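K.L.:
model the following, please.
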Amino acid sequence: MTTAAANNKAELSSAERVSLFREMLRIRRLEERIVERYPEQEMRCPVHLSIGQEAPAVGACAALRPGDAAMSTHRSHAHYLAKGGNMRSMVAELYGRITGCSVGKGGSMHFVDVAAGFLGATPIVGATIPIAVGTALGFQQRGESKVTAIFFGEGATEEGAFHEAINFASLMKLPCVFFCENNFFSVYSPLRVRQPEGRPVYRVAEGHGVEGIQANGNDIETVVGLSRYAVNKARRGDGPTFLEFQTYRWREHCGPNFDNDIGYRTEEEYESWRKRCPVENNLKRLLEENLLDEPAVAKMESEIKAEVDDAFRFAKESPYPGPEELLRHVYPEPS
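P.N.:
Residues are numbered from 1 along each chain as shown. As a prediction, the model looks like this:
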């Protein structure tokens, strides 16, 4: 980590700290509702949940402006919401309804909300990275003061598309930030069987001439501080940064359940990360510092529940796409 980055801590107001907690809680409660409703077999798309790793998405997007762009991967719920995506449209997309953010034709792994600057997500590991780098090139060529946030897991650093894209971004000093959420597993494969021992993930970026920083991805204030550092650096024309935020997914790779019993990780490992919960630990600090009290938390919970209830009601009441939608949004569209 560079000295500049190490000393760049987030200076957050009390209101900002509460707002960041609320956004993490909002994402957590929505995904917990997905867990509850998924067994009903009405959401007919795979879901990759962000429960346990909300802080990187919320902290990174807190450093962005509304006009900045973001692209993501198969585990994109938190990124979509943190960037300003519409919860109603997100849930409707899970149910395959026409009011969904991808008109009910994409599902959980293909969210898009151009108005919010969330330009898309795909399930192909590493596939959105070169596209996102291309948007940063466009910003640069048009002379726009905009930054692209590129979200991916550590498994994507093993893909050729990642290496080509980050090399080009480094060469051109593009206004983008590589946000790597290292949750230590690619599906069921731990880091030790995929990457060489003794070489941290962020060192891969340094090999392409990009500043690499590793940090605790479950500490929201650390995430915000480093994200602001990297975003401001990119915006002023000093090129990209690779931020490796170490975090942990609680649920199975794909689906609503726990999978600690199938052998690729232990219950003890899960419990050790469970104690590092970004939501609960942040709440504890806010309560200890009297920035929140129990009535305020209860009010927040009630408001979020109402929003989640409304989103699911809206989705269930929305129609499915009709046959006329089959060939829309494909290239070329029929005349």
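
K.L.:
contacts only, for Pro130.
P.N.:
Pro130 makes contact with Ala161, Glu164, Ala165, Phe168, according to Cβ atoms under 8 Å, 6 or more residues apart in numbering. C-beta: built from backbone N, CA, C; applies to glycine.

K.L.:
wait, Met300 sits on Arg28?
P.N.:
No: judged on Cβ atoms under 8 Å, Met300 makes no contact with Arg28 at a distance of 11.8 Å.

K.L.:
if you count surrounding residues, which of those two has more?
P.N.:
Each of Met300 and Arg28 has its neighbours counted (other Cβ atoms under 10 Å); Arg28 has more, 21 against 18.

K.L.:
check the more buried one and give its pLDDT.
P.N.:
The score at Arg28 is 98. That number is its pLDDT.

K.L.:
with Glu333 instead?
P.N.:
So Glu333 comes in at 68 (pLDDT).

K.L.:
and stretch 199-219, how far out from the chain middle?
P.N.:
A distance of 17 Å separates the centroid of the chain from that of stretch 199-219, by Cα atoms, centre = their mean, to the nearest Å.

K.L.:
pull out the buried positions in it.
P.N.:
Buried residues in stretch 199-219, counted by 16 or more other Cβ atoms under 10 Å: 201-202, 204-205, 208, 210-219.

K.L.:
stretch 230-238 now?
P.N.:
Ala230, Val231, Lys233, Ala234, Arg235.

K.L.:
with stretch 104-124 instead?
P.N.:
Buried-residue list, stretch 104-124, by 16+ other Cβ under 10 Å: 104-113, 116-123.

K.L.:
just stretch 175-189 next, same as before
P.N.:
Pro175, Cys176, Val177, Phe178, Phe179, Cys180, Glu181, Asn182, Asn183, Phe184, Phe185, Ser186.

K.L.:
for those residues, work out which two are farthest apart.
P.N.:
Pro175 and Phe185 (30.8 Å; Cβ to Cβ).

K.L.:
pull the contacting residues for Ala132.
P.N.:
Ala69, Ala70, Met71, Leu119, Thr148, Ala149, Ile150, Ala165, Cys176.

K.L.:
ok, now with 10 Å
P.N.:
By Cβ atoms under 10 Å, 6 or more residues apart in numbering, the residues touching Ala132 are 69-72, 119-120, 148-152, 165, 169, 174, 176-178.

K.L.:
can you check Arg313 too?
P.N.:
Taking Cβ under 10 Å, 6+ apart, one finds Arg88, Val91 in contact with Arg313.

K.L.:
do the one 3 residues further on as well
P.N.:
For Lys316, the residues meeting the contact criterion (Cβ under 10 Å, 6+ apart) are Arg37, Glu42, Val91, Ala92, Tyr95, Arg97.

K.L.:
a markdown table for these, including neighbour count and secondary structure?
P.N.:
Listed next are the contacts of Lys316 as a markdown table, based on neighbours: other Cβ atoms under 10 Å; DSSP: H, G, I helix; E, B strand; the rest coil:
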| residue | neighbour count | secondary structure |
| --- | --- | --- |
| Arg37 | 18 | helix |
| Glu42 | 12 | coil |
| Val91 | 27 | helix |
| Ala92 | 25 | helix |
| Tyr95 | 21 | coil |
| Arg97 | 20 | coil |
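
K.L.:
and of those residues, the nearest to Glu280?
P.N.:
Arg37 (23.1 Å).

K.L.:
mind listing what the closest one touches?
P.N.:
Shown in contact with Arg37 (Cβ under 10 Å, 6+ apart): Met43, Val91, Leu94, Tyr95, Pro256, Phe312, Ala315, Lys316.

K.L.:
now the end-to-end length of stretch 108-124.
P.N.:
13 Å (Cα to Cα, to the nearest Å).

K.L.:
the nearest residue to Asp68 once chain neighbours are set aside: how many residues sit nearby?
P.N.:
Nearest non-adjacent residue to Asp68, counting by Cβ to Cβ, 6 or more residues apart in numbering: Val147, 4.8 Å away. Neighbours of Val147 under the rule other Cβ under 10 Å: 26.

K.L.:
so Val147 is in contact with Phe178, correct?
P.N.:
No: contact between Val147 and Phe178 fails when scored by Cβ atoms under 10 Å: they sit 11.6 Å apart.

K.L.:
shared neighbours, these two?
P.N.:
Common contacts of Val147 and Phe178 (Cβ under 10 Å, 6+ apart): Ala230, Pro240.

K.L.:
quick revisit: which residues sit in contact with the residue nearest to Asp68?
P.N.:
63-65, 67-70, 135-136, 139, 174-177, 230-235, 240.

K.L.:
and with 8 Å instead?
P.N.:
Leu64, Arg65, Asp68, Ala69, Ala136, Phe139, Pro175, Cys176, Val177, Val231, Ala234, Arg235.
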